[in-house]
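Undergrad: I need the structure of the sequence given here:
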Amino acid sequence: MHNIKLTLAYDGSDFHGWQIQPGQATIQGALTDIVRKLTQEKLTVHGAGRTDAGVHALGQVAHFKTQSGLSAGEFQRAFNALLPPSIRALTAEEVGPDFHARWQALAKTYHYRIFRGAVVPPFERRYVLHYPYSLDLPRMIEAARLFEGEHDFFSFAASTGSEEDDRERATLRAIYRSELVASEESHTLTYVVRGRSFLRFMVRKMVGTLLEVGRGRLAPADLPALFERRDPSRSGPTVPPHGLYLVSVEYPDPAASLEPRP
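TA: Numbers count the residues shown, from 1 in each chain. Model prediction:
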């Protein structure tokens, strides 16, 4: 049995997210359909993160296990020949049998891009949130740092649709980096967040909350109370998906386990 690891980039504009959904075009569905045709095996491609509809990726990681004799390089070439141009396999490699793209991920980094100029360039319109209005950037930068650390992110997640399930789900998350980066040259704000795992819509709610701080509707000092109250209606709105990118996924270094212990 071979375990093939893929690093993927995709434009999520025309897809209903990562996860397979009957009758809908999805990233996982496109990859799984192709690998089943190539191997004649009933297998599934598993991803590190289940990006939502309209969300993009620069460094999504996935894996699948197969008995096929095709090499990793042959799989990569086949994927890029058969996939739509909006999905590319950047790399492919054979990894150990225990590797799992989702369960072994140590951290994921997301970017959310906001275009501040008066007119969005036509080639950017599907990849940024357009917000040309006044914002208090120093307060937003201050508020962004307050997401770092371990917090209960119940107030920054989408409902499951069940009040009971909402109350019982684990919402404690650790954020290692939370930073707002401004570029005057490109008229963009980029929110950079790195953490072990994220709740559904969590990053988009965090960005919406930062925009509320920039508009003066919330203050940085309000964030601790938002964590404590566990009330999504008090945080900012969920911003649109098309400004969000899964940039990279980190894993343990395989070589580290081979180093002799002191």
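
Undergrad: Check which residues of stretch 213-233 are buried.
TA: 213-215, 218, 220, 222-223, 226-227, 232 (16 or more other CB atoms under 10 Å). Every C-beta, even on glycine, is put in place using the N, C-alpha and C of the backbone.

Undergrad: Name the nearest of those residues relative to residue 199.
TA: residue 232 (10.4 Å; CB to CB).

Undergrad: Quick one: neighbours of the residue nearest to the closest one when sequence neighbours are not counted, just the number.
TA: Leaving aside its sequence neighbours, residue 232 sits nearest to residue 155 (CB to CB, 6 or more residues apart in numbering; 5.4 Å). Around residue 155 there are 23 other residues, counting by other CB atoms under 10 Å.

Undergrad: Pop out the phi and psi values for residue 155.
TA: Main-chain torsions, residue 155, degrees, to the nearest 10: phi -70, psi -10.

Undergrad: One more: residue 149?
TA: Reported as degrees, to the nearest 10, the phi and psi values for residue 149 are phi 100, psi -170.

Undergrad: any idea how far the residue nearest to residue 232 is from residue 216?
TA: To residue 216, residue 155 is 20 Å away according to CB to CB, to the nearest Å.

Undergrad: now residue 196
TA: Taken as CB to CB, the span from residue 196 to residue 216 is 32 Å.

Undergrad: where does the protein have its least confident helix or strand?
TA: Counting by mean pLDDT, DSSP states H and E, the chain has its least confident helix or strand at helix 163-168, which shows a mean of 58.

Undergrad: could you point out which element follows it?
TA: Per DSSP states H and E, the first helix or strand lying C-terminal to helix 163-168 is strand 172-183.
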